[in-house]
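Participant: Sequence first, then the predicted structure, then my questions.
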Amino acid sequence: MVHNAYDSFELLSNSPNKIDAIESNGSKILVACSDGALRIYAPESTISDKAPPSDYHNHGDQLRKEPYALERTVNGFSKKPILSMKVLASRELLLSLSESIAFHRLPNLETIAVLTKAKGANVFDWDDKRGGRGFVEVKDFGVSDTVKSMSWCGENICLGIRKEYWILNATNGALSQVFPSGRLAPPLVVSLPSGELLLGKDNIGVFVDQNGKHLHAEKICWSEAPSVVVIQKSYAIALLPRRIEIRSLRVPYSLIQAVVLQNVRHLIESNNAIIVALSNSVYALFPVPLGAQIVQLTASGNFEEALALCKQLPPEDSNLRAAKEGSIHIRYAHYLFDNGSYEEAMEHFLASQVDITYVLSLYPSIVLPKTSMVPEPEKLIDMSPDAPYLSRASSELSDDMESSPPPHLSDFDEHSALESKKMSHNTLMAIIKYLQKRRYSIIEKATAEGTDEVILDAVGDKYGPYDSSRFKKSNKVRGNIAINSGAREMAAILDTALLQALLLTGQSSAALELLEGLNYCDLKICEEILQKRNHYTALLELYKCNGMHREALKLLHQLVEESKLNQSQPELNPKFKPESIIEYLKPLCGTDPMLVLEFSMLALESCPTQTIELFLSGNIPADMVNSYLKQHAPSMQGRYLELMLAMDENRISKNLQNEMVQIYLSEVLDWHAELNAQEKWDEKAYSPTRKKLLSALESISGYNPEALLKRLPADALYEERALLLGKMNQHELALSLYVHKLHVPDLALSYCDRVYESAAHLPSVKSSGNIYLTLLQIYLNPRKTTKNFEKRMTNLVSFQNTNVPKISSMTPIKVKGGRSAKKIAAIEGAEDMRVSPSGTDSSKSDGDADEFGEEGGSTIMLDEVLDLLSKRWDRINGAQALKLLPRETKLQNLLPFLGPLLKKSSEAYRNLSVIKSLRQTENLQVKDEMYNLRKTVVKITSDTTCSLCNKKIGTSVFAVYPNGKTIVHFVCFKDSQSMKAVAKGSALRKR
């Protein structure tokens, strides 16, 4: 027996006759005796008032827990023994079953109807939801045998016939079998408040729906087969041969109470009690108040039943119910926790809504942050002498949350034995799930507090002085801003405890995920724990979420260095690489570029490409990066500028381009000086840096060629010199270097191609085909150009020093100086003269070409000339080239040049002739159309009006629009044109 759900009380004894049937009506008991009389008993306290029958309902509508006395007797109420009675309170009727079914008016008990067709009936069931005020026979259904038990179930009727249960459809009379009732006891049909049925099968109660289908596998098991079962609230009361059993209607339908009464003949439900009738006495089972039952159940450890009873408390006692439920949940949680059911215990702690600090007091090894909050005592209900046990939530907690041992463990040794169990894996997993379920609401409140304070700070509101022990967290970064925040202090306690529990259970990934999101972990405690356990990844995230980026980067650098030292043992620190520093710095580029520059130096040497991408993606100014590298990592400056240029040429300024080229040149000059000192210099030798220098000189244009030219040695690095001269538009000097110093005609031809193609994209520049003529002249006069090269270079440098504008092959210049300078000017003037593609005349005659040929003698590079003409015939002015060639040149050697040139010229001539004819035809068509338009006739009548002012034209001067139909006054036309001009001018001014 779990507890007392009912109190037994004897209402009357020593009935003069045997009790055949019993029923209650309000506070009175109706007893049908074997002598045919109906005796009405009432509480003794009401009989003493001697109230008249008309005051039948004035004494209350519930049975009273006091002795009953005979109020009156109705003799001859029934000629035969009454089998059962039923009070229909809603209709103020008494229904009795004897030899037939009769209806009596209450309270005077006069008979108002007798169902004669029900003669011989042995059982009935009343459904108060059906029918009107009268009684009409609806259907008459036949069954195979005597019905021993029956009950309405929706539109059906469940019947117990012989040893079987049947469902009768009250509409069409169809019968369907359910299952046998058992071998020992007769059928027993009990209707449940939910509309379902409880069917007896010997000592087992089976739950079925209104159609007889099994509801679930669980069944009520009585100690013996019951003869009567009554349902009241959450209990099933069964009449057994030797006692009355009270069982819970909650699974597993445990026995709640057993009432021992001998020779019980009747068991019926009253409005507030269960009436038990013996042969000559009547007992009542009065429900024990719910509060007292809850206390009993809690004290006996039956917490599930106690919580179920709390749900039955009336709605007006919602606060009382919540307090009772909270107390029970806490006691139940402690019980489960002490018996090893940790997860279930946490579920009940969660349901009790107890403060998390109370639950965490069960885990003294988990270190929690100090808090300024004073925990409020839990409002627990003293339900038993064990009430002090329930008040452990109100006990004072120390700053580190290590509370005193629970009061129910008085023995210190027993408490110590439990400490190791409390920190086991299962206990920690339970607290993790508990904290995760509580976390959402607590974090939400903490975030709301932070948002409110940000808004208040924005509008300038201030509340009270600051306290150094308080902190604030906005978004993910928490600073030490002093505020009052109960929710955030609670969030800090929760997250700090959750992080420790995750680490203790080996859930490093979950701990890292916690730190990566919005969290309120205490920095000092978590830092110490993570350092002690070597959880460096989580420690980095802790620093990051608290804005301690410098500390995080220092730690990350230390880990990277340790990883390098332990490369032979990758299992020690396998995931800390220089790239980790780059990944960490990416979000900081916009907020702290100097910090990014400082720590990016640690990764620049090992992963330069990723570092440069970091600078680019982070929009860090290139000048700032270059300046920092120049000061702290000069060896990486050139590498940075090189990668910067390779990734995005538009992101690097001309100053940086010039600086990069200067760096390359310095390295090349050092390399040249070293080899030259060893007498190993070779003009055709290329180091990696020299290749970069040549590529940079050729591809970029932001450097200063004059400054670089001054740094070159006079007897080396001719290819660099040629590229610089080309940038200065000194094409003849550049080509002379390729031909006479480097002796690489292919480089000279490539140079000419670059100049030609670059000029082709500039419409404002004249045709650059004369660059090939310049190369042709160098081939034809090799001795002359070689002899005067040094003098020209000297003059060029002197011009630069006197700030003379750049020499252009496109513009003739006058040079004051010696004879060689005059020749240079003459050649440049000749080139300019040859620029015009349409001009065939030249200031030089055929004799001049001979002069060149004679001067060159056998040194003329005729093979290179013919090769140039055959390869670039389409880019060279044929007439100019032929004039430059020596007279003894054989036409046969010129076939590769003249053949395609003449073919192209012929095709161009034919095409231009066709275009000329088409243009002439088009001109004639336009003239014809003009003549036709001039023949148009406009007729002005007296009714002709102006399309602008709508007045008649008359004899005024008029104008006709091109369509030939619109006629306007000439004055109106002029006015309209002037208005358009004014409107157009105002629109332009607005722009």
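Facilitator: Looks like it arrived, so ask away.

Participant: element containing residue 931?
Facilitator: With elements taken from DSSP states H and E, the one containing residue 931 is helix 895-934.

Participant: quick one: average confidence on that helix?
Facilitator: Taken as a whole, helix 895-934 carries a mean pLDDT of 87.

Participant: Show me what that helix is packed against.
Facilitator: For helix 895-934, the contact count by 3 or more Cβ pairs under 8 Å, 6 or more residues apart in numbering; DSSP states H and E identifies helix 862-871, helix 878-884 as packing neighbours. Glycine gets a C-beta too; all of them are placed from N, C-alpha and C.

Participant: so how far is it from its chain's centroid?
Facilitator: The offset between the C-alpha centroid of helix 895-934 and the centroid of the whole chain comes to 70 Å, using Cα atoms, centre = their mean, to the nearest Å.

Participant: going forward can the numbers begin at 642, since that is how I track them
Facilitator: Noted, 642 is the first residue going forward, which turns the last one into helix 1536-1575.

Participant: quick one, that helix and helix 1503-1512 angle?
Facilitator: Interaxial angle of helix 1536-1575 relative to helix 1503-1512 (axes from the mean of the first three to the mean of the last three Cα atoms, to 10 degrees): 30 degrees.

Participant: Can you list the strands that the helix or strand following helix 1536-1575 pairs with?
Facilitator: Beyond helix 1536-1575 on the C-terminal side, the first helix or strand identified by DSSP H and E is strand 1599-1601. According to DSSP bridges, the neighbouring strands of strand 1599-1601, each with its direction, are strand 1608-1610 (antiparallel).

Participant: who's in contact with the residue nearest to residue 1229 when sequence neighbours are not counted?
Facilitator: Spatial nearest neighbour of residue 1229, excluding adjacent residues (Cβ to Cβ, 6 or more residues apart in numbering): residue 1237 at 5.3 Å. For residue 1237, the contacting residues are 1226, 1229-1230, 1255, 1259, 1261, taking Cβ atoms under 8 Å, 6 or more residues apart in numbering as the criterion.

Participant: all strands of the stretch 792-941 of the chain, in order?
Facilitator: If DSSP state E, counting those that start in this stretch is used as the criterion, the strands of the stretch 792-941 of the chain fall at 797-802, 805-810, 816-821, 830-832, 838-842, 845-849, 861-862, 869-873, 876-880, 885-889, 896-900, 907-910, 915-918, 923-928.

Participant: how about those strands, which one is nearest residue 1380?
Facilitator: In this view, those are compared for proximity to residue 1380 by Cβ to Cβ, and strand 845-849 is the closest at 110.7 Å.

Participant: Let me know the average pLDDT across the closest one.
Facilitator: When the per-residue pLDDT values of strand 845-849 are averaged, the result is 91.

Participant: Same question for stretch 681-691.
Facilitator: Model confidence over stretch 681-691, given as mean pLDDT, is 81.

Participant: what's that stretch in contact with?
Facilitator: Stretch 681-691 is touched from outside by 652-653, 668-672, 700, 705, 707-715, 923, with contacts defined as Cβ under 8 Å, 6+ apart.

Participant: from those residues, which would you call buried?
Facilitator: For the contacts of stretch 681-691, a burial check counting by 16 or more other Cβ atoms under 10 Å picks out 652-653, 668-672, 700, 705, 709, 712, 715, 923.

Participant: How much space separates the residue most central in space within the chain from residue 991?
Facilitator: Against the mean C-alpha coordinate of the chain, by Cα atoms, centre = their mean, the closest residue is residue 1158 at 11.0 Å. Between residue 1158 and residue 991 the computed distance is 22 Å (Cβ to Cβ, to the nearest Å).

Participant: do residue 963 as well
Facilitator: Residue 963 is 15 Å from residue 991, where distance means Cβ to Cβ.

Participant: Give me the more crowded residue out of these two.
Facilitator: Looking at residue 963 and residue 991 with other Cβ atoms under 10 Å, you find the greater number of neighbours at residue 991, namely 18 against 15.

Participant: Which neighbouring elements make contact with the one helix or strand the more buried one maps to?
Facilitator: Element membership of residue 991, judged by DSSP H and E, is helix 983-993. Other elements packing on helix 983-993 under the criterion 3+ Cβ pairs under 8 Å, 6+ apart are helix 959-979, helix 997-1001, helix 1066-1099.

Participant: Using CSV, lay out the strands of the stretch 792-941 of the chain together with distance to residue 936.
Facilitator: Rendered in CSV, the data for the strands of the stretch 792-941 of the chain read as follows (distance: least, Cβ to Cβ, whole Å):
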stretch, distance to residue 936
strand 797-802, 39
strand 805-810, 41
strand 816-821, 41
strand 830-832, 30
strand 838-842, 29
strand 845-849, 29
strand 861-862, 26
strand 869-873, 21
strand 876-880, 18
strand 885-889, 17
strand 896-900, 15
strand 907-910, 26
strand 915-918, 22
strand 923-928, 15
